[in-house]
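Asker: sequence-free structure coming up:
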């Protein structure tokens, strides 16, 4: 399958190509948004056509009998293992967001009518491990995640892969965070070599008085973009943090829309980007405050450090506000390591290279330390240091 | 001077387009306390920066000879490893760099340079704790980020803590007394006096004579318009207090 074949196709042609006769609404949304190209604002810096214009083999998604494991294991888009008692189903997604900004959110749903539905019970902590084993493949799957009201759940996401190449992963979540609950999702990607490109298109619906804590630590190579739409009901809160460390010619980042719908909702979004080599970082983030969202508090910030003169940061923080009664701030800075700090360390006998490493790791640490679980924190720190040291040997 | 550890010869240096040091000559005798005094803009801080290889400074001429070797071309970290230490007037805050981790990295870099075995975390913590107590510093200094959110006094004490742990040979104290209350000044002075063992050399840069009540200097050098214009013993201090710098003529 070559996804570029969907370019400039009308409703009927897309329906025929995808065999999506009973999903007209999704086809309509997809066609109206169009297959992303370099002219699509959200994909402008991502080189999306390079990713779409390849002949991928498609995989058959056959549900398997689950083995018992201490984590949810998803191999090439199919759940193969899970903790005992974990409620996981394969079924059609019942609540698709018909106002998502990302065409690939709809394409993802069109390509996989059966989603992986995970219901988190009580105050739980679960790890989801995604494994990819197929070269030249389009791996497409979607996860629907529910938690319970008044409960606090945490999901740790990790990614591993075999020695594959030329694969495109289209995946994403539809998260429904129940009233008065907290859902914390910590995602880490640290595969350095160019094994697969990824477009992860998420929709997060945060109910009244609920908290969404979404932290992503992206230390990967190749190309990856996470597209995130978050909708906040009354007194709902989202705390989103994105750490990006890229080198070589990686192109990765976050495109997001946080939509304040309910009164007294609040959002905090912080991106820290460290770019080396000829890497390109992307932070294109919009906070929209609807007429209904009086007394909103919104805070958005992106900081980037360029370690090489060919590294590039595309930072675009945006606020779209339709009311007066709110507190909102946003900003973006891009610079180099602080010379004063560098000199201070050197003046104590620490070499230039070591001092740079210390400052870069310190810049990243402030986000890493927000992951409350110390074991996971150490895991991220170690992965980060390993990737950083490898690039600076 | 019989036992010179550092000799500054006809040093000329500029910051940006402005020449600040205009042929400065100074000899530091090993094991002695040298105080540099002078009016605002005389070049005191520029001198301290020039000695440690600060990036702001461009040396236009002259030389700095340390233990028989020119250090003008040396990088800042090489000078530090050779034993030159600057206590900064305004120590920079570095969020995310743990104070203990930073100091252990610095100490182990020095020990490695000297061919000594590096200290492990437990050995280092014992060393750090003993110095913290002596300086009246709280033990949370171990886990806090380097200088982040420190009060003026805490920053200066932290500089002295680094000095005690790194055990440099030439110690440059740039306005170490600025912003300190009496108690902090006393604690900082005690730390400095502990290092006065007859082997280490101090260059105390100050506006005021207050710090010299606590750290007795052996020599007073008056710096004016980028040059040392007078060198005398500690008896010069009360004279300067009374008459200021205007009455001092170049020798």
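Answerer: Yep, it's here. Worth saying up front: this structure is predicted, and the values here are computed from it rather than measured.

Asker: show me the shaky parts of the chain.
Answerer: Because you didn't say which chain, this covers chain A. A:393 (pLDDT under 70).

Asker: ah, I was thinking of chain B
Answerer: Looking along chain B with the criterion set at pLDDT under 70, you get B:1-2, B:251.

Asker: excluding its backbone neighbours, what's nearest whichever residue of chain B sits closest to chain A?
Answerer: Closest contact between chain B and chain A, by CB to the nearest CB, is at residue B:96 (2.9 Å). Quick note: C-beta positions are derived from backbone N, CA and C, even for glycine. Leaving aside its chain neighbours, residue B:96 sits nearest to residue A:362 (2.9 Å; criterion: CB to CB, 6 or more residues apart in numbering or on different chains).

Asker: list the contacts for the residue of chain B closest to chain A?
Answerer: A:361, A:362, A:363, A:364, A:365, A:366, B:145 (CB atoms under 8 Å, 6 or more residues apart in numbering or on different chains).

Asker: which bits of the stretch 151-251 of chain B sit near chain A?
Answerer: B:162, B:166 (CB under 8 Å from any CB of the partner chain).

Asker: show me where the stretch 151-251 of chain B has its strands.
Answerer: For the stretch 151-251 of chain B, strands defined by DSSP state E, counting those that start in this stretch occupy the ranges B:170-174, B:201-206, B:219-224, B:227-232.

Asker: just put the ones you listed in JSON lines and tack on mean neighbour count and distance to residue A:84.
Answerer: Listed next are the strands of the stretch 151-251 of chain B as JSON lines, based on neighbours: other CB atoms under 10 Å in any protein chain shown; distance: least, CB to CB, whole Å:
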{"stretch": "strand B:170-174", "mean neighbour count": "24", "distance to residue A:84": "64"}
{"stretch": "strand B:201-206", "mean neighbour count": "23", "distance to residue A:84": "69"}
{"stretch": "strand B:219-224", "mean neighbour count": "22", "distance to residue A:84": "77"}
{"stretch": "strand B:227-232", "mean neighbour count": "18", "distance to residue A:84": "80"}
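
Asker: tell me which residue is most central in the chain.
Answerer: Looking at chain A here, since you left the chain open. residue A:226 (3.5 Å; CA atoms, centre = their mean).

Asker: let me rephrase: I mean chain B.
Answerer: Centre-nearest of chain B using CA atoms, centre = their mean is residue B:172, 1.7 Å out.

Asker: Provide the secondary structure category for whichever residue of chain A sits closest to chain B.
Answerer: Per CB to the nearest CB, residue A:362 is where chain A lies closest to chain B, at 2.9 Å. At residue A:362, secondary structure determined by DSSP: H, G, I helix; E, B strand; the rest coil is helix.

Asker: and what of residue A:209?
Answerer: Secondary structure for residue A:209, judged by three-state DSSP, is coil.

Asker: then residue A:344?
Answerer: Residue A:344 is classified as helix under three-state DSSP.

Asker: what about it, how many residues nearby?
Answerer: By other CB atoms under 10 Å in any protein chain shown, 24 other residues sit near residue A:344.

Asker: any idea how far it is from residue B:209?
Answerer: Residue A:344 sits 28 Å away from residue B:209, going by CB to CB, to the nearest Å.

Asker: would you mind listing the buried residues in the host helix or strand of residue A:359?
Answerer: Element membership for residue A:359, per DSSP states H and E: helix A:352-368. Buried residues in helix A:352-368, counted by 16 or more other CB atoms under 10 Å in any protein chain shown: A:354-368.

Asker: just stretch A:104-120 next, same as before
Answerer: So for stretch A:104-120, counting by 16+ other CB under 10 Å, buried means A:104-113, A:115-118, A:120.

Asker: among the residues you listed, which are located in strands?
Answerer: A:115, A:116, A:117, A:118 (DSSP state E).

Asker: who's residue A:305 bridged to?
Answerer: On the basis of DSSP bridges, residue A:305 is bridged to residue A:274, residue A:335.

Asker: would you agree it is in contact with residue A:335?
Answerer: Yes. Applying CB atoms under 8 Å, one finds residue A:305 in contact with residue A:335, separated by 6.5 Å.

Asker: looking at those two, which one has more neighbours?
Answerer: Between residue A:305 and residue A:335, counting by other CB under 10 Å, residue A:305 is the more crowded of the two (24 against 10).

Asker: residue contacts, that one?
Answerer: Per CB under 8 Å, 6+ apart, neighbours of residue A:305: A:273, A:274, A:275, A:334, A:335, A:336, A:337, A:360, A:363.

Asker: which two among those are spaced furthest apart?
Answerer: Spatial extent of these (CB to CB) is set by the pair A:334 and A:360 at 14.7 Å.

Asker: now, which of the buried residues of stretch A:104-120 lie within helices?
Answerer: A:104, A:105, A:106, A:107, A:108, A:109, A:110, A:111 (DSSP state H).
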